Each structure stands twice: as C-alpha cells, then as structure tokens.
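Undergrad: following is a predicted model, sequence given first.
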Amino acid sequence: MCKWLLSFALAVASAGQPLPLGELPRGKVVLIAQPHHDDHTTDYGMGGFIARLVENGYRAIYVRASNDEKDGNNGYAKNDIINLREARVGLRHLGVDEVVSLNWRNDFMNPIPLNELREQLIFLIRKHKPDVVLGHNPWEHYQKNPDHRNVGRALVEAYWMAADPNVHPEHLALGVNPHAARHFYGKGRLDWGLGQQSNVAIELNESQQRKKELAIAAHRNVYHNPGAKKSYVATLAGEGKSLPDLAAVDDDTASDLILHWWMNWISRDIGKRAGVRYAEDYYHMDQWDDLPGLRKFLTSAQAAPARPPRARNSPLPPGQSESVVRVFKTSAQAAPARPPRARNPPLPPGQSESVVRVFKTSAQAAPARPQRARNLPLLPGPSESVVRVFKTSAQAAPARPPRATHTPLPPGPSESVERAAITRNTR
C-alpha cells in the first residue's frame, strides 16, 4: 500500500496545474450516480463537495449502479450486503439519507445494454429533478475500470437526454416529466495515465474535510487493514524515519488514521492548486456549455467591477465646500439681474399703433377670395348648347337590345343541332 500511495503522489504532483475556484451552484437537489458503494468518497472525490452541498440546503440522492459483489473477502452475497450497509453509514456522515441500488453485476458492465442503464438514470433524473449531477467524467483518459467507464458514459448521456420529451415518452404516462439539470461535475482517477482533466476546484472547510474522512473510514470491508501499521513502520525504519503518532496507537486505530491522513493530504494538495487549504477538483459543465460565446459574455459581465452610483449633489470636503459657497455667493451678487423673458413682448406705445394701422389697411385693401363650389354651373350661353347636343346624341343612338342568358338559335339550324345532340346521347 505504501508503494501505491507513493505512485499516487507522483501522479498527482505531475498534474499540479493551477485551478480556478468554482462557486457553489444554486439549487435544492443533487443526484450522485456512481458505479460502486465507496465511490462517493475516494481519492477522486466526492465526499467534501457532497457535504458542502448538503450543508447549504441540498437534498442528496446516491445511486449505486453495481452490486459490489467483488469488493471484500466474504463471498459475493455477503460482500453485496455488507458493502450496501457500510455505504449507508458512510453517506450519513455526508448528510445523504437516500441510497438507490441498480444492482448490475460488479465488473460485468461491458456486456450489459448501455441503453438500459441510461434509461434507468434518465428516469431517476426525471423523478428527483436534480439541479446538480455528480459522477465519473466519461472523457477521462486511460480509465481501466469498466464500471467507471460505462456508468460515466451512461450518466452524461442521461444528463443530456433527460430533458427531451421524445426520449422514453412512456415515462410521461407515469407522471415523470422531462427535466434538465443545470450542472454536471465529473471526477476521475488521478493515478492512471494522464488521468482527470479538471477545470474547476471546489473549496472545502474543516468540517467538510472531516466528514469526508469519516465517510471513507466507514467502508471497513474494503479499506480496514490492521496490518498496515506494521508495514508502514518497517518501511520507515528502513529509511531511518519514524511516525510517533502511528506508533502510539493500536493496529485497528492505525488503519483508520492512515485513511484520514491519505484523504487529508489529497484535499490539501488539490487546495494548493487553487490557493486554498482544502479542495476537490472536477470537470464542470453547466447549462451554457454548448454556448461558449454566451458563457464568456456572462463570465465577463460578472467579473466586471460594479459602477458606483452617480450622485447628483456630491458633498465636497469641509474646507473646500465653504470656499465654493463663498465664491458662488459673490458671483451671484456681482452678476446683473436678468429680466424675465416674455413669450409675446409688448411693442413700444408709438410703434404698436402704427403696426395695428398698417395691418387694418392691408386687410381692407385685399380682394375677397370667392367661395369655392364643388359643382360649378356653366355659363348661360354654353350650357344650353351642351344640353341640346346631349339630347340629340341620345335620340340618334340605336336602342341596345336586352341581353338574353340563353340566346335562341334561328329556326333552321336549331332542329339540326337538336338532332345531333339526340344522336350523340343515344350511342
């Protein structure tokens, strides 16, 4: 185990790139879908983040996709029962009360129909309507575990498809309507190849870090190892070193202590990349993930400093305000008074009489405008000739015969036409 921890430390140190701190997403429900009983809290998360969400009012649901029959040394049936029981104990440390087991066979998820697993996850997303979904990052590199690969892929597809009413419309008949979760946080192993490519860190406080350590220690069927103390002490002694805290406790306590140190060191190492004491790292997608331009705009708008409100009458400093008032009063007293502006200023007495006289004279001299008639009568002479011409034309025009709808044919041709019609109809 000591060699494994050393290789893990080297892998994490090689991936130590700075990470931005992420804000806690708004919402009320988080759904965590993982392959195994202990994936809620391991070297790749997610116990601290779950504890922080619950402390901020979230309701959490944990989905265990496999039956974990191969985790432990008690045979398949007992391993399944023990691991489920310990998962509930560990999750209670994080504030999670609801655990859903899908019971696919442990490490046998490659041959199962991915569509069936995906439909189960779509149904659970629609039923619980989470704002946040946590799971494995399906795009992490060199993932050896088939359960991690398949559950991660099915989950991210379900996260995307659960909002489409045309996907599994039979759910709607059960009253389970489409739902779009706003956030996905993916986690991955750090000790296999290139590992997880994170884009955000979530800060943890001391309480959340402590809950994370207690949660993993609850999985004694898998992690409890009383022989670890003897192995560590011997390895350190060979290097001329010792751990007094480890030597002072019994083997059972030492096993739990090693787990606490391990989880604490991981959170502190990731925290260094984000400039905080404790943190977990994730690959984060939100509702703007397919709209990078809009996300960039929203991010820049949030990052822009707020413009201070503009005051109409900003108070001046005490000394300066007195001098300004003194100068203003002096200027106001020295300035000549401006006469009030009248809309129709009166003319001087002599000038007003002459203007009125000119206006009356012009009005009297102007000829009256004749009233415009719509139907102007013709002059006496031409009107009689026009009427005479019109009557003469009307009398000379031949009368137009009335138009008949069915014009009768002349006597001769009509008989031949009728005969032809009768002959054609009798053929």
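TA: Good, I have the coordinates. Residues are numbered from 1 along each chain as shown.

Undergrad: rest of the way, CA atoms for contacts and neighbours
TA: Noted.

Undergrad: ok, longest helix in this protein?
TA: Longest helix in the chain, counting residues (DSSP state H): helix 251-274.

Undergrad: for the helix or strand that that helix is followed by, buried residues please.
TA: Counting by DSSP states H and E, the next helix or strand C-terminal to helix 251-274 is strand 278-286. Using 16 or more other C-alpha atoms under 10 Å as the test for burial, strand 278-286 gives Tyr278, Ala279, Glu280, Asp281, Tyr282, Tyr283, His284, Met285.

Undergrad: one more: stretch 213-224?
TA: Buried residues in stretch 213-224 (16+ other C-alpha under 10 Å): Glu213, Leu214, Ala215, Ile216, Ala217, Ala218, His219, Asn221, Val222, Tyr223, His224.

Undergrad: could you do stretch 106-125 as well?
TA: Result for stretch 106-125 [16+ other C-alpha under 10 Å]: buried residues Asn106, Asp107, Met109, Leu117, Arg118, Glu119, Gln120, Leu121, Ile122, Phe123, Leu124, Ile125.

Undergrad: redo those residues as TSV? Include secondary structure, distance to Trp262 and pLDDT.
TA: As requested, these are exported to TSV (DSSP: H, G, I helix; E, B strand; the rest coil; distance: C-alpha to C-alpha, whole Å; pLDDT from 0 to 100):
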residue	secondary structure	distance to Trp262	pLDDT
Asn106	coil	26	85
Asp107	coil	26	83
Met109	coil	29	82
Leu117	helix	33	95
Arg118	helix	34	96
Glu119	helix	36	97
Gln120	helix	34	97
Leu121	helix	32	98
Ile122	helix	35	98
Phe123	helix	36	98
Leu124	helix	33	98
Ile125	helix	33	98
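
Undergrad: most widely separated two among these?
TA: Asp107 and Ile125 (24.0 Å; C-alpha to C-alpha).

Undergrad: do a quick rundown of the strands in the stretch 1-150 of the chain.
TA: 29-34, 59-66, 98-104, 132-136 (DSSP state E, counting those that start in this stretch).

Undergrad: for those, which one ends up most surrounded?
TA: strand 132-136 (a mean of 27; mean count of other C-alpha atoms under 10 Å).

Undergrad: that one packs against which elements?
TA: Using 3 or more C-alpha pairs under 8 Å, 6 or more residues apart in numbering; DSSP states H and E, the elements in contact with strand 132-136 are strand 29-34, helix 146-161, strand 183-187.

Undergrad: excluding its backbone neighbours, what's nearest Ser101?
TA: Arg64 (4.8 Å; C-alpha to C-alpha, 6 or more residues apart in numbering).

Undergrad: relative to Gly227, how far out is the one you found?
TA: Distance, Arg64 to Gly227, by C-alpha to C-alpha, to the nearest Å: 29 Å.

Undergrad: quick one on the thing from earlier: from the buried residues of stretch 106-125, which single one is nearest Glu239?
TA: Among these, and counting by C-alpha to C-alpha, the member closest to Glu239 is Asp107, at 38.5 Å.
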